[in-house]
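>>> Build me a model from this:
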Amino acid sequence: MPVERHERIRFEHSDINARGTFLTGIGVLVGTWISVGIIFLIFTWLAHRSARLSAPPLPLAIHGQPLPPEPRLQTSPHEDLKAYLARENWELTHYHWVDKDKGIAAIPIEDAIRIVAQRGIPPQKTPPNPTLTPPQEGTRSTGFEGKVEPEPR
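Next up is the predicted model:
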C-alpha cells in the first residue's frame, strides 16, 4: 500500500545532535560549579570582613543566655505528662500524709469508695444564721440580678 505524502507536512530527518547536547550539559555543570565557587569566596570574604569590623561581643553573649522568665515552654511535654500521671496515680492508690501535724491523711480512692458505700454520707450541719434571700429580689448574692423581670428591649 502506498503511503500518502503531503507537500506541506515536513518531518525531521535526523535525531538530536548528541555531541551538542552533551557539550551543553557539561557547560551548564561547569558554569554552576564556577558560580558556586564565586559565591563561596564572596561569603568567606564577607565573614572575615564582618569579624574584623564588628564590635566585640557583649559579656552576656560570652557567658551564654540566661533563662527566660517564667512560664517557660516545656522541653519534653510527653515525659512531663507521664511523670504527672504517674504521680497522680500514686496519690490515688496509696496511703500518704496530706498534713501530718493536723492529722490529715489521704487514702486510696478504692478504699474511700468502699468506706462511703458502707457508712453512707453523714448529714451536713446547717450553718448558723443562714441568710436566705427570695429570688424575686434579684440581688447580686442570689445571681438573679436583673434576670427575674423581663429586661426592657
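
>>> so Ser35 is in which element?
If you go by DSSP states H and E, Ser35 is part of helix 18-53.

>>> how far is that helix from where the chain is centred?
Computed by CA atoms, centre = their mean, to the nearest Å, the separation of helix 18-53 from the middle of its chain amounts to 40 Å.

>>> Flag the shaky bits of this protein, pLDDT-wise.
Scanning the chain for pLDDT under 70 picks out 1, 11-14, 60-62, 133-153.

>>> Show me where it has its helices.
Per DSSP state H, the chain carries helices over the ranges 18-53, 59-63, 77-93, 109-119.

>>> In JSON lines, list those along with distance to Leu132.
C-betas here are computed from N, CA, C, even on glycine. Shown next, in JSON lines, are these (distance: least, CB to CB, whole Å):
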{"stretch": "helix 18-53", "distance to Leu132": "78"}
{"stretch": "helix 59-63", "distance to Leu132": "63"}
{"stretch": "helix 77-93", "distance to Leu132": "38"}
{"stretch": "helix 109-119", "distance to Leu132": "29"}
